[in-house]
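> got a structure for you, letters missing:
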């Protein structure tokens with residue numbers, strides 16, 4: 001194909017492109033244009049056709065491929081009619097992410113003759129999301145003995161895998177799956193052209209319903225027919241014909257005949273009773289069903305209460321008129337969650353059946369204690385204890401550390417280890433119910449002992465703390481609150497307090513023959529002395545510190561040798577200026593007014 005036939009520039013786009021390009025690019029564009037014009041002028045002389053292989057290109061998302069041109073001495077590739085930079089080679093790599101919908105062509109030059117190829121447009125194969133349909137269920141319910149069909153669209157026919165409850169179903173690799181079990185189903189699949197782009201469908205839950213066959217009994221006193229089974233609704237039939245409006249577990253029969261009842265469960269699943277021949281209520285019954293509570297009428301939340309009903313057979317317990325599944329004996333352990341419902345019971349004595357009056361139960365809620373920590377702290381200082389406690393009114397069974405008893409049954413515990421603390425108690429509201437408190441997590445706070453060291457006449461500790469208290473010969477020295485002090489002879493100790501509230505005291509440290517009157521200390525020249533605030537110092541060079549009479553440091557820094565101006569102006573009083581270096585120690589008493 002000739003360049004004149006394939007390279008077409010729309011006038012307005014082309015003009016705007018030229019006006020906005022930098023000068024260097026403009027010059028290159030003019031050069032390429034001249035080449036194109038030359039190709040147009042010489043098109044009849046070119047003995048070859050410029051061809052791109054492949055001639056059409058469809059990519060999967062995120063894939064890439066290469067366009068190849070035929071033999072030539074030079075090449076210029078174009079994308080959407082715009083020349084590509086650094087494209088003087090026989091191939092060009094495209095990718096789905098950046099080049100979808102773009103059109104590419106190449107101008108080939110051989111022996112001074114240029115030809116343009118037909119354009120090749122890059123397309124991307126669509127990969128729509130994977131979804132599947134469920135046929136054979138009603139609102140997600142599947143009746144026992146039936147099957148449901150799961151199916152995905154025919155587009156996703158590659159790399160199919162079905163899953164049930166997160167586990168791959170063996171051999172299930174086709175677009176449809178027939179199931180007869182409940183569970184959570186999902187599928188992964190890909191379109192045929194892009195088998196590596198596997199997508200997840202999301203999940204669909206199927207619940208299997210096994211209908212319970214209801215049983216019909218007659219309540220002669222109340223002239224009712226009763227159906228067992230905890231169904232959503234019922235359909236009564238007389239002689240095989242449905243009875244209009246009869247949709248509960250109880251029926252007042254109006255005529256004799258053969259009665260059946262169909263129980264309807266979730267998903268429309270159903271089961272039908274055996275025939276019940278009703279011949280009328282001929283003999284009045286005196287039997288009255290009554291519920292008794294051998295252990296009283298109070299029930300703690302989370303416990304059960306024993307209920308009993310009189311009678312001989314056909315026992316059934318009800319909650320809000322619905323039969324309680326499995327509650328078919330004269331005694332029933334009532335769970336606390338059913339106290340808020342209307343609880344009744346039916347029973348038969350001889351040929352007479354009756355439904356009791358509702359039972360009234362008082363629900364008692366246990367009150368759980370809360371563990372309090374001393375000072376509201378949640379950490380134990382290393383080597384110390386932290387008091388945990390609960391309020392009075394409880395009998396402690398065990399204090400627990402990480403779920404294990406620690407051998408204490410008082411209202412408080414001196415905890416010395418880090419871990420999760422809880423306590424088992426019996427409360428006053430439900431004295432037979434063992435309660436377990438919410439756990440309290442206690443950590444271990446570091447509390448290292450400080451160490452004292454003497455450097456010249458400076459006594460210090462390298463321990464980083466929030467505060468320091470110094471003791472000389474067992475007595476607190478007021479005003480000393482730093483990590484370094486000017487020592488005097490005696491036995492020193494320092495007590496540090498850390499940011500976590502823990503405190504520790506150093507071992508006693510004895511200082512002998514060190515003080516402000518040591519004979520090896522040299523004097524140095526300062527002026528004026530006394531000073532009104534400005535003080536010049538002839539420094540020997542080294543570490544300079546300014547102490548007050550209590551040993552507190554007001555200035556500390558490394559200084560050069562020579563005259564210098566002291567950069568601080570302390571309050572009026574007597575001070576000691578000291579300088580230390582490898583050659584010795586210098587000191588000078590200074591008075592500030």
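Looks like it arrived, so ask away. What you are looking at is a predicted structure, and each value in this text was computed from that prediction instead of being measured.

> what residue ranges in the stretch 51-200 of the chain are flagged as low confidence?
Applying pLDDT under 70 to the predicted model, the stretch 51-200 of the chain contains no residue that meets it.

> before we move on, which element is residue 225 in?
In this assignment (DSSP states H and E), residue 225 forms part of strand 224-227.

> sheet-wise, list the partners of that strand with their directions.
According to DSSP bridges, strand 224-227 forms sheet pairs with strand 216-219 (antiparallel), strand 250-251 (antiparallel).

> can you list contacts of it?
Residues from elsewhere that reach strand 224-227, judged by Cβ atoms under 8 Å, 6 or more residues apart in numbering: 214-219, 234, 236, 249-253, 259, 261, 263, 273, 276, 278, 316, 323, 346, 353, 355. Quick note: C-beta positions are derived from backbone N, CA and C, even for glycine.

> hmm, back to that, just name the most buried of the strands paired with strand 224-227.
Highest mean neighbour count of the strands paired with strand 224-227: strand 216-219, a mean of 20 (counted as mean count of other Cβ atoms under 10 Å).

> just to revisit the earlier point, residue 300: which of the strands paired with strand 224-227 is closest?
Of all the strands paired with strand 224-227, strand 250-251 sits nearest to residue 300, with 32.9 Å by Cβ to Cβ.

> residue 289 is nearest to which of the strands paired with strand 224-227?
Here strand 216-219 is closest among the strands paired with strand 224-227 (Cβ to Cβ), at 9.1 Å.

> what pLDDT, on average, does that closest one get?
Across strand 216-219, pLDDT averages out at 86.

> now stretch 406-417
Per-residue pLDDT values over stretch 406-417 give a mean of 89.

> how far out from the middle of the chain is that stretch?
Computed by Cα atoms, centre = their mean, to the nearest Å, the chain-centroid distance of stretch 406-417 equals 34 Å.

> ok, residues contacting it?
By Cβ under 8 Å, 6+ apart, stretch 406-417 touches 380, 384-392, 394, 396-401, 421, 423, 442, 444.

> picking that back up, for the strand holding residue 225, what is the average pLDDT?
Mean predicted lDDT for strand 224-227 stands at 89.

> I'd like the next helix or strand past it.
Next in sequence after strand 224-227, counting helices and strands by DSSP H and E, comes strand 233-238.

> elements contacting that following strand?
Judged by 3 or more Cβ pairs under 8 Å, 6 or more residues apart in numbering; DSSP states H and E, the packing partners of strand 233-238 are strand 224-227, strand 257-264.

> relative to residue 179, which of those strands is closest?
Across those, residue 179 has its closest neighbour in strand 257-264 (22.8 Å, Cβ to Cβ).

> got the angle for the closest one vs strand 233-238?
If you take axes from the mean of the first three to the mean of the last three Cα atoms, to 10 degrees, strand 257-264 sits at 160 degrees to strand 233-238.

> which ones are touching the closest residue to residue 172 other than its chain neighbours?
The shortest distance from residue 172 to any non-neighbouring residue, by Cβ to Cβ, 6 or more residues apart in numbering, is to residue 162 (3.8 Å). Listed by Cβ under 8 Å, 6+ apart, the contact partners of residue 162 are 150, 168, 169, 172, 173, 177, 185, 186, 187.

> the nearest residue to residue 465 once chain neighbours are set aside and residue 477, how far apart?
Nearest non-adjacent residue to residue 465, counting by Cβ to Cβ, 6+ apart: residue 496, 3.7 Å away. According to Cβ to Cβ, to the nearest Å, residue 496 stands 15 Å off from residue 477.

> more neighbours, these two?
Taking neighbours as other Cβ atoms under 10 Å, residue 496 and residue 477 compare with residue 496 leading, 22 against 18.

> from the chain's centre, how far out does the helix or strand hosting that one sit?
Assigned by DSSP H and E, residue 496 belongs to strand 490-497. How far strand 490-497 lies from its chain's middle: 48 Å, per Cα atoms, centre = their mean.

> list of residues touching it?
450, 452, 459, 461, 463, 465-474, 503-511.

> pairing partners for it, with directions?
strand 467-472 (antiparallel), strand 503-505 (antiparallel), strand 509-511 (antiparallel).

> residues contacting residue 562?
Contact analysis of residue 562 by Cβ under 8 Å, 6+ apart lists 538, 539, 541.

> now with 7 Å, please.
By Cβ atoms under 7 Å, 6 or more residues apart in numbering, the contact set of residue 562 is residue 539.

> about what we covered before: reformat the strands paired with strand 490-497 as CSV; add distance to residue 74, mean pLDDT and mean neighbour count.
Shown next, in CSV, are those (distance: least, Cβ to Cβ, whole Å; pLDDT from 0 to 100; neighbours: other Cβ atoms under 10 Å):
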stretch, distance to residue 74, mean pLDDT, mean neighbour count
strand 467-472, 81, 88, 18
strand 503-505, 83, 88, 17
strand 509-511, 88, 90, 15
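
> now these as a markdown table including distance to residue 123?
Shown next, in a markdown table, are the strands paired with strand 490-497 (distance: least, Cβ to Cβ, whole Å):
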| stretch | distance to residue 123 |
| --- | --- |
| strand 467-472 | 75 |
| strand 503-505 | 75 |
| strand 509-511 | 85 |
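
> so which of those gets nearest residue 591?
Set against residue 591 and scored by Cβ to Cβ, these come closest in strand 467-472, at 25.1 Å.

> tell me which helix or strand comes right after that closest one.
Downstream of strand 467-472, the next assigned helix or strand under DSSP H and E is strand 475-476.

> which other residues reach that next one?
Contacts of strand 475-476 with the rest of the structure, by Cβ under 7 Å, 6+ apart, involve residue 469.

> direction included, what does that strand pair up with?
The strands beside strand 475-476 in its sheet (DSSP bridges) come out as strand 467-472 (antiparallel).

> distance between the strand it pairs with and the chain's centre?
On Cα atoms, centre = their mean, the centre of strand 467-472 falls 47 Å from that of its chain.

> can you check stretch 503-512 too?
So, by Cα atoms, centre = their mean, the centroid of stretch 503-512 is 49 Å from its chain's centroid.

> again with stretch 149-164
31 Å.
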